[in-house]
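Undergrad: I'll drop the sequence and a predicted model, then ask my questions.
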Amino acid sequence: MVTVTFCCYFFSLRAGCIMSGLWLITYYCVLAYMMYSEIVDPRYEEGKSWDTWDEDVTADLQGFWVLGIAYLVMDFVSIFLLFGGIMKSITLLSMFLVLQIVPMSVKAFFMLWAIVSGLELESALTYLLPMIFLLYIDLVAYSYLQAVRFKKKILFSSAISIEY
């Protein structure tokens, strides 16, 4: 697997994990709030009550619920990255990488659905660019996980010294 040695050419992998965890927590909180605000105060057909909306609007609201819950789950998962970077924990970093699969697949499904349903190129790029950035954060987290694993192996192997 490909690994990196620095985060953004300036920061160590540990600092990159901590900053990425803080950024992801903020990012997903904002996105979850945006989904919540769309559910509470939808801007579809103003002046109409909930009972007179057609099925397309209710399907979009269900999509907002799914995305909002996925963003809240990702917010919780990002805490593992933050504390994994702070405490140099292999377990927390591994949990971040494994638990991120479900919300990322939901986000990828919605992105593909938007592209298939005739989304413009500009809107597709707004879905795709954060995905590429999140994949880079995953790469930084995986690289830091490998670095911590390697350092712990060296520490444990050098802790036992046998002299003849």
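TA: Received it, and whenever you're ready, just let me know what you need. Numbering: from 1, shown residues only.
Undergrad: when you work out contacts or count neighbours from here on, use the C-alpha atoms and nothing else.
TA: Fine.
Undergrad: after the helix or strand where C17 lies, heading C-terminal, what element do we hit next?
TA: Secondary structure from DSSP states H and E places C17 in helix 13-40. Per DSSP H and E, helix 13-40 leads on to helix 55-87 as the next helix or strand towards the C-terminus.
Undergrad: quick one: list the elements packing against that next one.
TA: helix 13-40, helix 90-99, helix 101-116 (3 or more Cα pairs under 8 Å, 6 or more residues apart in numbering; DSSP states H and E).
Undergrad: check which helices and strands the first one sits against.
TA: Meaning helix 13-40. helix 55-87, helix 121-159.
Undergrad: quick one: D41 and L61, what's the gap?
TA: 11 Å (Cα to Cα, to the nearest Å).
Undergrad: who has more neighbours, the two?
TA: Applying other Cα atoms under 10 Å to D41 and L61 shows that L61 carries more neighbours, namely 18 against 10.
Undergrad: for the residue nearest to the more buried one when sequence neighbours are not counted, what are its contacts?
TA: Sequence neighbours aside, I39 is the residue nearest to L61 in space, at 6.1 Å (criterion: Cα to Cα, 6 or more residues apart in numbering). By Cα atoms under 8 Å, 6 or more residues apart in numbering, I39 lies in contact with L61, F64, W65.
Undergrad: am I right that the last one is in contact with Y33?
TA: No - with contact taken as Cα atoms under 8 Å, W65 and Y33 are classed as non-touching, separated by 11.2 Å.
Undergrad: of those two, which one has the most company?
TA: Set W65 next to Y33 and count neighbours by other Cα under 10 Å: W65 wins out with 17 against 14.
Undergrad: neighbours around the closest residue to I69 other than its chain neighbours, how many?
TA: Distance criterion Cα to Cα, 6+ apart; nearest residue to I69, sequence neighbours excluded, is A32 at 7.4 Å. By other Cα under 10 Å, the residues close to A32 number 22.
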